[in-house]
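Visitor: could you look at this predicted model? Sequence included:
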Protein chains: 2
Amino acid sequence: MQNRLVLTATVEREDVLRYTPAGVPVLEMWLRHQSRQTEAGAERDVICEIQSVMVGEACRAWAGRVAGQELTVSGFLCQRSLRNPRLVLHIESAEFVKG
Amino acid sequence: MQNRLVLTATVEREDVLRYTPAGVPVLEMWLRHQSRQTEAGAERDVICEIQSVMVGEACRAWAGRVAGQELTVSGFLCQRSLRNPRLVLHIESAEFVKG
């Protein structure tokens, strides 16, 4: 059951680091991707914006550092809640894109 | 500028094959994914539904064959239109999951 998104994107907005009631750190951010992709032999502009979240101790190292930065992230897609089908990217790994 | 989603999902709905004004075949479908993923050391249920589209001659081989089937697909995410930010998966390759 594969579910893996790899995306290079700019962090449009970074929220303040928060903690779940169980004390797990959570960092939410909004990513904006823009590129050219080839589809059926024709080039096209591609834009997408996606809400994203890092969960766990690792996200503390990213907090306060990513707003406005370009990252390549990898993770899985999940809908926001049972009632809200909007897709959220759960980031499992990230790296800065060298400018 | 990476943008690559690999997803195993069931085709909840398959539209009738249509053609763009330029004669390019287009097959739209709705995918539903359900799995368990590990996040910050804890297992969690993951559900997501995503509108998807195949564009180009290759999609003719899939038309009428995918409704209710489980596929592993690979492609890129793009928002539906300039005004509609809903994410659509543009499928570039697909294969049936063997039951």
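Guide: Looks like it arrived, so ask away.
Visitor: can you pull the buried residues of stretch A:78-92?
Guide: A:78-79, A:87-92 (16 or more other CB atoms under 10 Å in any protein chain shown). Yep, even glycine has a C-beta here, placed from its N, CA and C like the rest.
Visitor: now swap in stretch A:61-70 and tell me
Guide: A:62-63, A:66, A:69-70.
Visitor: for chain B, tell me which of those show up nearby.
Guide: With respect to chain B, and counting by CB under 8 Å from any CB of the partner chain, no part of these is in contact.
Visitor: taking those, tell me the two that lie furthest apart.
Guide: Farthest-apart pair in the buried residues of stretch A:61-70 is A:Ala63 and A:Glu70; separation 17.5 Å (CB to CB).
Visitor: what residues does chain A have near chain B?
Guide: So far as CB under 8 Å from any CB goes, chain A lies against chain B at A:1-8, A:24, A:33-37, A:39-41, A:44, A:46-50, A:55-57, A:72, A:76-79, A:82, A:85, A:87, A:90, A:92.
Visitor: mind listing what the residue nearest the centre of chain A touches?
Guide: Nearest to the geometric centre of chain A sits A:Ser52, at 3.8 Å (CA atoms, centre = their mean). A:Ser52 sits next to A:28-31, A:73, A:75, A:88-91 when contact means CB atoms under 8 Å, 6 or more residues apart in numbering or on different chains.
Visitor: in the sheet, who's paired with A:Glu14?
Guide: A:Met29 (DSSP bridges).
Visitor: could you tell me how many residues sit around it?
Guide: By other CB atoms under 10 Å in any protein chain shown, the residues close to A:Glu14 number 19.
Visitor: list the contacts of it.
Guide: A:27-29, A:63-64, A:66-67.
Visitor: now those in a markdown table, with distance to A:Asp15?
Guide: Below are those laid out as a markdown table (distance: CB to CB, whole Å):
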| residue | distance to A:Asp15 |
| --- | --- |
| A:Leu27 | 7 |
| A:Glu28 | 4 |
| A:Met29 | 7 |
| A:Ala63 | 9 |
| A:Gly64 | 11 |
| A:Val66 | 10 |
| A:Ala67 | 10 |
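Visitor: of those, which belong to helices?
Guide: Cross-referencing the contacts of A:Glu14 against helices under DSSP state H gives no overlap.
Visitor: in those residues, find the pair that's most separated.
Guide: A:Glu28 and A:Gly64 (13.1 Å).
Visitor: show me the shaky parts of chain A.
Guide: A:99 (pLDDT under 70).
Visitor: mind doing that once more with 90?
Guide: A:82, A:98-99 (pLDDT under 90).
Visitor: wait, A:Val11 touches A:Glu28, no?
Guide: No. Taking contacts as CB atoms under 8 Å, A:Val11 lies outside contact range of A:Glu28: 10.7 Å.
Visitor: more neighbours: those two, which one.
Guide: Comparing A:Val11 with A:Glu28 by neighbour count (other CB under 10 Å), the higher total belongs to A:Val11, at 20 against 17.
Visitor: cool, thanks, signing off.
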